[in-house]
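# Have a look; sequence and predicted model below, questions after that.
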Amino acid sequence: MPPSVPTILERAELFAALAWRLGKPYPAAALDVLRQRLLQNAPSEALEMCGQIAQDSLDAIADQIDTTAPLSPSTTDPARPVKPLAPDPLLTVLVFNPLGWPRTEEAALSFSLPAGMTPTGTIAVRGAQADAAPCTVTREPDPADPAAVRWTVRFPAAVPAFGYQTYFLTPEQPVAFPPAVLPAQSRLEAEGEWAAVREQQDAESASQPLLTTRTGLHAGPLPKAHAFFRFEPEALFLSAVRRSEDGQALLFSAVNRGTSPVRPVLALSEPLHLGKPVWVSPAEDVDILPPRQTVTWRCEAKGQPA
């Protein structure tokens with residue numbers, strides 16, 4: 001089931017807010033126009049604008065991630081020196097998770113490369129520590145370029161909540177793995193109200209697949225895998241992340257999808273350069289959130305990152 005327009009707007013706002021705290025100008029005017037399109041019931045225009053804002057923001061975040069090729073083999077044993085990954089990666093793939101729980105699910109990417117760039121005739125996937133990953137690879141002629149090959153690569157990606165993971169595509173034979181079951185298909189059953197929360201998580205995961213974007217090999221201040229923030233407990237679902245009207249803070253909102261009151265927590269990562277979360281609604285002097293109620297925190301910006 002594809003995500004709804006409001007869900008895609010929520011995702012565009014999320015990535016725009018994160019990119020702003022990493023140095024990209026906040027697209028306030030574009031988001032205002034986008035909301036007007038939604039009020040005017042123009043979903044096709046809104047979808048296109050949401051997609052462009054989200055992609056521009058993802059590209060800006062990708063520019064801040066250290067995607068230099070990893071060392072191989074991955075080891076801390078001083079008797080086994082590491083060496084640069086060989087062969088050199090063809091490209092770097094960043095997989096983003098826009099939801100509030102860690103996910104190990106299939107990621108997919110299609111792209112074209114000149115035919116001579118893959119001497120082995122196939123492509124493998126390696127993780128951030130150069131570890132081989134299972135993958136399914138298909139190739140076909142590129143109808144737009146007779147000298148290129150169109151590739152589609154699918155692989156299970158393990159991505160933290162509200163974060164990303166880095167993978168590398170290399171011109172080598174993929175490692176053969178036995179048939180695997182993704183954790184989402186084999187995890188223990190939840191009980192009581194947490195079973196209902198799990199069902200809602202599964203429904204949102206089905207409608208919001210992991211997002212992939214390509215980038216090159218470059219240094220950056222962010223690690224190869226990272227979670228920008230998290231909500232606790234897991235009954236809290238993202239409602240919105242957006243810049244405040246005065247442009248001096250980020251507002252984080254989450255709704256309690258459980259059936260019991262919870263004590264909500266927002267934990268932030270340092271790269272966002274934000275102050276301590278301050279509870280601003282529904283009441284400053286209350287720290288318990290009833291079911292189906294929304295909490296909002298304000299986090300002051302601590303200067304604009306370079």
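Thanks, I have it.

# so how many other residues sit close to the closest residue to M49 other than its chain neighbours?
The spatial neighbour of M49 that comes closest, neighbours along the chain excluded (Cβ to Cβ, 6 or more residues apart in numbering), is L34 at 4.8 Å. Heads up, the C-betas are built off the backbone N, CA and C, glycines and all. The local packing of L34 (other Cβ atoms under 10 Å) involves 24 other residues.

# ok so L34 is a helix residue?
Yes - the assignment for L34 (DSSP: H, G, I helix; E, B strand; the rest coil) places it in a helix.

# I'd say P291 and G258 touch.
Yes - shown here, P291 and G258 form a contact pair, counting by Cβ atoms under 8 Å, at 5.9 Å.

# who's more crowded, those two?
G258 (22 against 14).

# My guess is T92 contacts G216. True?
Yes - T92 is within contact range of G216, at 6.5 Å (criterion: Cβ under 8 Å).

# Report the set of residues contacting both of these two.
T67 (Cβ atoms under 8 Å, 6 or more residues apart in numbering).

# you'd agree F229 is up against V265?
No - F229 lies out of contact with V265 (Cβ under 8 Å); the separation is 10.5 Å.

# So those two - more neighbours on which side?
Taking other Cβ under 10 Å, F229 and V265 do not tie; F229 has more neighbours (21 against 15).

# Could you give the bridge partners of the more buried one?
With DSSP bridges applied, the residues forming beta bridges to F229 are L268.

# Now for it: which residues touch it?
F229 sits next to F162, F252, L266, A267, L268, S269, L272 when contact means Cβ under 8 Å, 6+ apart.

# out of T92 and G216, which sits in the busier spot?
More crowded of T92 and G216, by other Cβ under 10 Å: T92, with 22 against 10.

# wait, is the more buried one part of a strand?
Yes - counting by three-state DSSP, T92 is part of a strand.

# Not counting its neighbours along the chain, what's nearest it?
Closest to T92 by Cβ to Cβ, 6+ apart is T67, at 4.4 Å.

# Touching, that neighbour and L217? I think so.
Yes - with contact defined as Cβ under 8 Å, T67 and L217 form a contacting pair (5.6 Å).

# so what sits against both of the two?
Both T67 and L217 are contacted by T92, under the criterion Cβ under 8 Å, 6+ apart.

# what pLDDT, on average, does the top helix by length along the chain get?
Longest helix of the chain, by residue count under DSSP state H: helix 43-62. Averaging pLDDT along helix 43-62 yields 89.
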